[in-house]
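A.B. asks: A structural model of the following input is requested.
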Amino acid sequence: MNDAYIDHEIVIWTFTSFTTVDNYSSYICELPLKDFSSYSLEGISVDYATDDLISKYDTVEEFEDEGDQKIVFTTNIPIKNFKFVELSYIEEDTNINFIENKVLNSMDELLPEKPFFVTCTEQGAIPHRGISFEDGYGTTRHFYLTISGEDGSISLVEFH
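C.D. replies: Below you'll find the model as predicted:
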């Protein structure tokens, strides 16, 4: 990306794509700010929970699932109707479509001062745990947990 800025509530960014040194394309993309922010994770982060991180909070919400890996969900804004869910999937042609199978834990609000810790384990290549919550527009958003095969980092990927 070459440049990004906001002009009259429109997010504008430019980038250049190179195929070879003498064969390239430049692009200018525009998206209304309200749409751009609705694509974000609303301030939710997921990471591995360390003892140092846990000790920083006076109160936490915890859920013991199967496994021995502790992860933490934090936010910088209150998140409504936060749910930790079990996922299943349906294979259609070459696509895998995730669906919420069962709510494992729910909270009216995930708060910045009270993170959510989960003990769980990832089973195989297809995600089986995720979250859902209500965004600032009242839309329920769904994400699955995934662990990178390259560096082991944990992240959230939105699904519909």
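A.B. asks: can you tell me what sits against the lengthiest strand in the chain?
C.D. replies: Ranked by residue count, the top strand of the chain under DSSP state E comes out as strand 95-110. For strand 95-110, the external contacting residues (CB atoms under 8 Å, 6 or more residues apart in numbering) are 44, 61, 63, 65, 73, 75, 78-91, 116, 118, 126-127, 129-130, 132-133, 142, 144, 159. Yep, even glycine has a C-beta here, placed from its N, CA and C like the rest.
A.B. asks: show the average pLDDT along it.
C.D. replies: Averaging pLDDT along strand 95-110 yields 91.
A.B. asks: show me where pLDDT drops low in this protein?
C.D. replies: 1-42, 122-124 (pLDDT under 70).
A.B. asks: in it, what residue spans correspond to strands?
C.D. replies: For the chain, the strands defined by DSSP E cover 3-7, 10-20, 23-32, 44-48, 61-64, 69-75, 79-92, 95-110, 116-120, 129-134, 140-147, 154-159.
A.B. asks: could you pull up the residues touching E64?
C.D. replies: T119.
A.B. asks: for beta bridges, what are the partners of it?
C.D. replies: Under the criterion DSSP bridges, E64 forms beta bridges with T119.
A.B. asks: distance to I54 added to the strands of the chain, as CSV?
C.D. replies: Formatted as CSV, the strands of the chain follow (distance: least, CB to CB, whole Å):
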stretch, distance to I54
strand 3-7, 35
strand 10-20, 36
strand 23-32, 38
strand 44-48, 11
strand 61-64, 10
strand 69-75, 8
strand 79-92, 17
strand 95-110, 16
strand 116-120, 7
strand 129-134, 19
strand 140-147, 19
strand 154-159, 16
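A.B. asks: now the residue nearest to the spatial centre of the chain: closest residue in space, sequence neighbours ignored.
C.D. replies: Centroid-nearest residue in the chain, with CA atoms, centre = their mean: L156, separated by 3.2 Å. Nearest residue to L156 in three dimensions, chain neighbours excluded: F143, at 4.0 Å (CB to CB, 6 or more residues apart in numbering).
A.B. asks: what about that neighbour, how many neighbours?
C.D. replies: Using other CB atoms under 10 Å, F143 has 21 neighbouring residues.
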